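1. Can you look at this prediction? I've put the sequence above it.
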Amino acid sequence: MRVIFMGTPDFAVPSLEALCKEHEVVLVVTQPDKPKGRGKKMQFSPVKECAIAHNIPVLQPQKVRDAEFIEQLRTYAPDCIAVTAFGQILSEPILEMPKYGCINVHGSLLPKYRGAAPMQWAIINGESVTGITTMFMAKGLDSGDMLLKEEVPITPQDTFATIHDKMASVGANLLIETLKGLEAGTLQRIPQNHEAATYAPMITKETGHIDWSKPAQEIIHLIRGLDPVPAAYTIYENEVLKIFDAELTDMGAEAPCGSIEAVTKKGFVVRCGEGSLLILQVQAKGGKRMSADAYLRGHEIKEGVLLQ
């Protein structure tokens, strides 16, 4: 099968690698290079780096809706366009272009968690299972007919980083299985129940600002769902303190939400709306991520301070 692949971040790389082994990938489309770091040096997307390694032509349109770009796509005569975390909405002329359609690898069990950040929100919301759905792309946001699904359990230890890697691998395998089914004509289109749809909006820095009036377990979900980026954080005496690990503790007592109730050898205890948390891993502004006990050896954390 002649395949055009569209994708951008690390999550999409396993899908491209799998396609290269099974099909003829004639073109890769990815987002434009972006400046990064202090020197603002232009950086390739992970998918572009993978495409170059496989000697696949790359296009990086500012807008995939541009007529000139659409005509460029036509010249590659794709049988299928496979999309994994690309980052732009495809127009109707592109959706109708390939024989087998445009197939999307989406990081949730649709119709739950449509949108930009399904993996993070599944963890933040305390789900015990997530998964991958392959589907035909349509004009609406992640609303097309579904093809295949595979569940991925979320353990209490999972973070966005660990789920991301598990899901990327599952997504790659499910994409190959989907294309085989399309070629063989064995797949059934399953319309989504739009009334059951939920939305997973884009994650921003502010998403990570901890509300200490929430139950301790909910805050743990937030911490894990935003690890490693953008990270959950709080404000300690006007300074941002990122938090990467915490556990429930019964050391706390009645106190205002967000107050530091105790400082121990392992970390420090914060009162929540329901229960308390022992903070185990932090990162101060300009510093490195480290265990809370290591941080406490070089920084003072005062009991009674109210985190904001």
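-> In hand now; what should we look at? Remember, it's a predicted structure, so these values are computed and weren't measured experimentally. Residues are numbered from 1 along each chain as shown.

2. Quick check: pLDDT value at the residue lying closest to Q188 once chain neighbours are set aside.
-> Once its chain neighbours are removed from consideration, Q188 has its nearest residue in L147; the separation is 7.9 Å (CB to CB, 6 or more residues apart in numbering). Where you see a C-beta, it was placed from the backbone N, CA and C, and this is true even at glycine. Note on L147: pLDDT of 98.

3. Within the helices and strands, which one has L147?
-> With elements taken from DSSP states H and E, the one containing L147 is strand 146-153.

4. can you list contacts of that strand?
-> Counting by CB atoms under 8 Å, 6 or more residues apart in numbering, strand 146-153 makes contact with 103, 109-110, 128-136, 163, 166-167, 170, 173-174, 177-178, 181-182, 187-192, all of which sit outside it.

5. switch to 7 Å and redo it
-> Outside of strand 146-153, the residues within contact range by CB atoms under 7 Å, 6 or more residues apart in numbering are 109-110, 128-136, 166-167, 170, 174, 177-178, 187, 189-190, 192.

6. Quick one: distance of that strand to the chain centre.
-> Centroid separation for strand 146-153 versus its chain: 16 Å, with CA atoms, centre = their mean, to the nearest Å.

7. Buried residues in that strand, which are they?
-> Going by neighbour count (16 or more other CB atoms under 10 Å), the buried part of strand 146-153 is 146-149, 152.

8. Convert stretch 298-308 to CSV, retaining C-alpha atoms only.
-> What follows is stretch 298-308, C-alpha atoms only, in CSV (Å, rounded to 0.1, in the frame of the first residue of the first chain):
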residue,chain,number,x,y,z
GLY,A,298,19.8,22.3,50.6
HIS,A,299,16.6,24.3,51.1
GLU,A,300,14.4,25.2,54.0
ILE,A,301,10.7,24.2,54.0
LYS,A,302,8.9,25.7,56.9
GLU,A,303,6.0,24.1,58.7
GLY,A,304,2.8,26.2,58.8
VAL,A,305,3.5,27.9,55.4
LEU,A,306,0.4,28.0,53.2
LEU,A,307,1.1,26.8,49.6
GLN,A,308,-0.7,28.8,46.9
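
9. Now do the helices in the stretch 51-200 of the chain.
-> Along the stretch 51-200 of the chain, the stretches classed as helices by DSSP state H, counting those that start in this stretch are 67-74, 92-95, 118-124, 160-184.

10. Return the most buried member of those helices.
-> With neighbours defined by mean count of other CB atoms under 10 Å, none of those is more surrounded on average than helix 118-124, at a mean of 25.

11. now that one: how far from the chain's centre is it?
-> Counting by CA atoms, centre = their mean, helix 118-124 comes out at 8 Å from the chain centroid.

12. could you say what helices and strands it packs with?
-> In this structure, helix 118-124 packs against helix 160-184, helix 216-225, with contacts taken as 3 or more CB pairs under 7 Å, 6 or more residues apart in numbering; DSSP states H and E.

13. Let me have those in a markdown table, adding mean pLDDT as columns.
-> Compiled in a markdown table, the helices and strands packed on helix 118-124 are given as follows (pLDDT from 0 to 100):
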| stretch | mean pLDDT |
| --- | --- |
| helix 160-184 | 98 |
| helix 216-225 | 98 |
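
14. Now do stretch 227-235, average pLDDT.
-> When pLDDT is averaged along stretch 227-235, the result is 97.
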